[in-house]
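Undergrad: Could you work out the structure for the sequence below:
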Amino acid sequence: MSERLRVLGIEGTAWAASAAVCVSDPTDGASAVDPDSVFIETDAYQPDSGGIHPREAAEHMSDAVPAVVETALEAADGPIDAVAFSRGPGLGPCLRTVGTAARALAGALDVPLVGVNHMVAHLEIGRQQSGFDSPVCLNASGANAHVLGYRNGRYRVLGETMDTGVGNALDKFTRHVGWSHPGGPKVEAAAEDGEYVDLPYVVKGMDFSFSGIMSAAKDAYKQGVPVENVCFSLQENVFAMLTEVAERALSLTGSDELVLGGGVGQNDRLRAMLASMCDQRGADFYAPEPRFLRDNAGMIAVLGAEMARAGDTIGVEASAVDPNFRPDQVEVSWRSADESVARRRPGRDERRGAEATVEIGPERVTKRRLPKRYRHPDLDARLRRDRTVLEARLTSEARSHGVPTPVVYDVDPVEGTIVFERVGATDLRDDLTPDRVRAVARHLAAIHRAGFVHGDPTTRNVRVERPTGGPDAGRTYLIDFGLGYYTDDVEDYAMDLHVFGQSLDGTADDAPTLRETFADAYAEAGDPDVLAQLAAIEGRGRYQ
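TA: Here you go, the predicted structure:
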């Protein structure tokens, strides 16, 4: 295959029948593709009412794909070297239509066929254009919402929605109001004249949930709250949840680079929140131009070129589409396995977490939840106050149940400040061993028996002593209970285990083995129903 590749990309996962041509030439510099040179032709499906209907969308694909492909081929300034298509995730009838067209074209042109994961294409277009090494990636699209990072040859899911995609969540509200699809731009327009009202805010470790806030938004509208106020508050809460989890991923991995992808990323308020968060913590942020954020064949063609260059092509017999094709199922052949989103930072007397600045003294640690500029002031004040109170209370309660935690010396809920005993020599993520992972499992089992969850048990929120020296040698401490809460729901306990497993995926060199070690230790110390519920959670379509 020649150095210079001309690739035709075809996209059709849901609403956008799209074709594109890109020319990849790595001799031009670090970026193999000039974004301005990518030609994209798109014919969007617009339902008469309600949301996307799979049958109607597939009929639109059948009618529109031949036309957009013809236009793209006419715009190409030379022969096509490969045909790339979106294999999934998406609506099955639409994917099958596009897959059939791509196979036929590759056969007619006698060129290789490349099957592209739609979500990975969203991530890669931003990574390539930004020039970042190995950033945290936030995907905010209609049917999905993930925070991911590349490690050990795959994109690892660091956090994701527990129910529905962010765009679909907004669409559910706008359908309730009676607005046509798509709902996101209409929410953004209405929010310009809105004022803040309280709505639920649900972040569980590195995951987030939209079902509660959508139900509350519908109820508020029914009760006569002006729709512009509901839309304003939806944006403020939903996008703050995404931004907070993105910041948690930056803190967990040690990365200082964030890339945005997905159609909801066209929203000005979301981009402003992410930019503000990154500016406040000294990180770099990049969002591609809008035509590469919404569903488009340009990103399929660009990633298809990278895959073709790496020899990652597919035979017709193995090219079946997959409506549930997750990004973490993709073996990333076009990047070095040595690259990693996880970074190691030298020890300092001050560290910046996702929520707070921590000053580390010889014997005491002062944690300050500083105001977040990206959040609405009313929401920010509520979260800072409530989380400070809960963290102090649950830290002490866990200690009373035999779980090693720092002693709480002082609390100021108004200022969002807690003074703790200094514990541990380093974070668990910097000194992962099977024994320490077993200790975390035992600690979580103990607090679950006591009727509460940690809420954010990541490898960053566990402190460990060195294995030699003193009575506390090798001791493992739980810290940062700010997302914890009282509960008797087995689902909540299982989510604690799920969050810890995700953090291992993002920071451990041998995550599968450590996950097994963790599960075995919890089975010995905890309730077997919790592990059964964890299996149910991770067996759901959202996590498969």
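
Undergrad: For the rest of this, base every contact and every neighbour count on C-alpha atoms.
TA: OK.

Undergrad: What mean pLDDT does stretch 183-198 get?
TA: In this model, stretch 183-198 carries a mean pLDDT of 96.

Undergrad: Return the set of buried residues in it.
TA: Neighbour-count burial for stretch 183-198, counted by 16 or more other C-alpha atoms under 10 Å, picks out 183, 184, 186, 187, 188, 191, 194, 196, 197, 198.

Undergrad: Now render the residues you listed as a markdown table, adding distance to residue 96.
TA: What follows is the buried residues of stretch 183-198, written out as a markdown table (distance: C-alpha to C-alpha, whole Å):
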| residue | distance to residue 96 |
| --- | --- |
| 183 | 26 |
| 184 | 27 |
| 186 | 31 |
| 187 | 32 |
| 188 | 33 |
| 191 | 38 |
| 194 | 42 |
| 196 | 44 |
| 197 | 44 |
| 198 | 43 |
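
Undergrad: Just name the closest of those to residue 337, please.
TA: residue 184 (37.0 Å; C-alpha to C-alpha).

Undergrad: sorry, back to before: show only the entries of the buried residues of stretch 183-198 found in strands.
TA: Members of the buried residues of stretch 183-198 lying in strands (criterion: DSSP state E): none.

Undergrad: Contact partners for residue 120?
TA: residue 327 (C-alpha atoms under 8 Å, 6 or more residues apart in numbering).

Undergrad: Just the element for it, please.
TA: In the assignment (DSSP states H and E), residue 120 maps to helix 118-130.

Undergrad: can you give me the angle the next helix or strand after that helix makes with helix 118-130?
TA: Using DSSP H and E, the helix or strand that follows helix 118-130 in sequence is strand 136-140. Using axes from the mean of the first three to the mean of the last three C-alpha atoms, to 10 degrees, one finds that strand 136-140 and helix 118-130 are set 130 degrees apart in direction.

Undergrad: list the helices and strands strand 136-140 packs on?
TA: Counting contacts by 3 or more C-alpha pairs under 8 Å, 6 or more residues apart in numbering; DSSP states H and E, strand 136-140 packs against helix 118-130, strand 145-151, helix 227-253, strand 257-261.

Undergrad: Strand partners (parallel or antiparallel) of it?
TA: Next to strand 136-140 in the sheet, as set by DSSP bridges, lie strand 145-151 (antiparallel), strand 257-261 (parallel).

Undergrad: For the last one, output the C-alpha coordinates as CSV.
TA: Only the C-alpha atoms of strand 257-261 are listed here, as CSV (Å, rounded to 0.1, in the frame of the first residue of the first chain):
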residue,chain,number,x,y,z
GLU,A,257,-4.9,16.9,28.2
LEU,A,258,-8.6,16.6,27.4
VAL,A,259,-10.3,16.1,24.0
LEU,A,260,-14.0,16.4,23.4
GLY,A,261,-15.9,14.3,20.9
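
Undergrad: Could I get the buried residue list for the next helix or strand after that strand?
TA: With elements assigned by DSSP H and E, the helix or strand that comes after strand 257-261 is helix 268-281. By neighbour count on 16+ other C-alpha under 10 Å, the buried set for helix 268-281 is 269, 270, 271, 273, 274, 275, 276, 277, 278, 281.

Undergrad: Restricting to C-alpha, output helix 268-281 in PDB.
TA: C-alpha atoms of helix 268-281 as PDB (Å, rounded to 0.1, in the frame of the first residue of the first chain):
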ATOM      1  CA  ASP A 268     -21.400  26.200  23.400                       C
ATOM      2  CA  ARG A 269     -22.100  25.800  27.200                       C
ATOM      3  CA  LEU A 270     -20.500  22.400  27.400                       C
ATOM      4  CA  ARG A 271     -17.400  23.500  25.600                       C
ATOM      5  CA  ALA A 272     -17.100  26.600  27.800                       C
ATOM      6  CA  MET A 273     -17.400  24.500  31.000                       C
ATOM      7  CA  LEU A 274     -14.700  22.100  29.900                       C
ATOM      8  CA  ALA A 275     -12.400  24.900  28.800                       C
ATOM      9  CA  SER A 276     -13.000  26.700  32.100                       C
ATOM     10  CA  MET A 277     -12.300  23.500  34.100                       C
ATOM     11  CA  CYS A 278      -9.100  22.800  32.200                       C
ATOM     12  CA  ASP A 279      -7.900  26.400  32.500                       C
ATOM     13  CA  GLN A 280      -8.500  26.300  36.300                       C
ATOM     14  CA  ARG A 281      -6.400  23.100  36.700                       C
END
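
Undergrad: average pLDDT for it?
TA: For helix 268-281, the per-residue pLDDT averages 97.

Undergrad: what distance separates that helix from the centre of its chain?
TA: How far helix 268-281 lies from its chain's middle: 16 Å, per C-alpha atoms, centre = their mean, to the nearest Å.

Undergrad: Please apply the same query to stretch 426-438.
TA: Chain-centre distance of stretch 426-438: 24 Å, with C-alpha atoms, centre = their mean.

Undergrad: And it, what's buried?
TA: Applying 16+ other C-alpha under 10 Å to stretch 426-438 flags 427, 428, 429, 430, 432, 436, 437, 438 as buried.

Undergrad: From residue 90, how far out is residue 12?
TA: 8 Å (C-alpha to C-alpha, to the nearest Å).

Undergrad: Just want to know which of these two has more residues nearby.
TA: When neighbours are counted by other C-alpha atoms under 10 Å, residue 12 and residue 90 differ, and residue 12 comes out ahead with 35 against 25.

Undergrad: Show me the shaky parts of the chain.
TA: For the chain, the stretches with pLDDT under 70 are 1-2, 27-32, 48-51, 344-351, 468-473, 540-544.

Undergrad: Mind telling me which residue is nearest the centre of it?
TA: residue 147 (1.6 Å; C-alpha atoms, centre = their mean).

Undergrad: Correct me if wrong: that residue contacts residue 161.
TA: No: between residue 147 and residue 161 there is no contact under C-alpha atoms under 8 Å: 9.2 Å.

Undergrad: Report the distance from the longest strand anywhere in the chain to the chain centre.
TA: In the chain, taking DSSP E as the definition, the longest strand is strand 16-24. Relative to its chain's centre, strand 16-24 lies at 25 Å (C-alpha atoms, centre = their mean).

Undergrad: Stretch 352-365 too?
TA: On C-alpha atoms, centre = their mean, the centre of stretch 352-365 falls 26 Å from that of its chain.

Undergrad: Would you work out how far apart the start and end of that stretch are?
TA: Start-to-end, stretch 352-365 (C-alpha to C-alpha) is 13 Å.

Undergrad: Mind listing residues that contact it?
TA: If you take C-alpha under 8 Å, 6+ apart as the criterion, stretch 352-365 is touched by 244, 247-248, 250-251, 281, 349-351, 366-370, 419-422.

Undergrad: Swap in 7 Å and give it another go.
TA: 247-248, 251, 349-351, 366-370, 419-422 (C-alpha atoms under 7 Å, 6 or more residues apart in numbering).

Undergrad: and if you look at stretch 391-404?
TA: By C-alpha under 7 Å, 6+ apart, stretch 391-404 touches 405, 407, 408, 443, 446, 447, 476, 477, 478, 480, 481, 482.

Undergrad: Can you tell me the closest non-neighbouring residue to the second one?
TA: Using C-alpha to C-alpha, 6 or more residues apart in numbering and skipping the chain neighbours, the partner closest in space to residue 407 is residue 421 (5.1 Å).

Undergrad: Hmm, that neighbour is touching residue 406, no?
TA: Yes: if you go by C-alpha atoms under 7 Å, residue 421 and residue 406 touch, sitting 5.1 Å apart.
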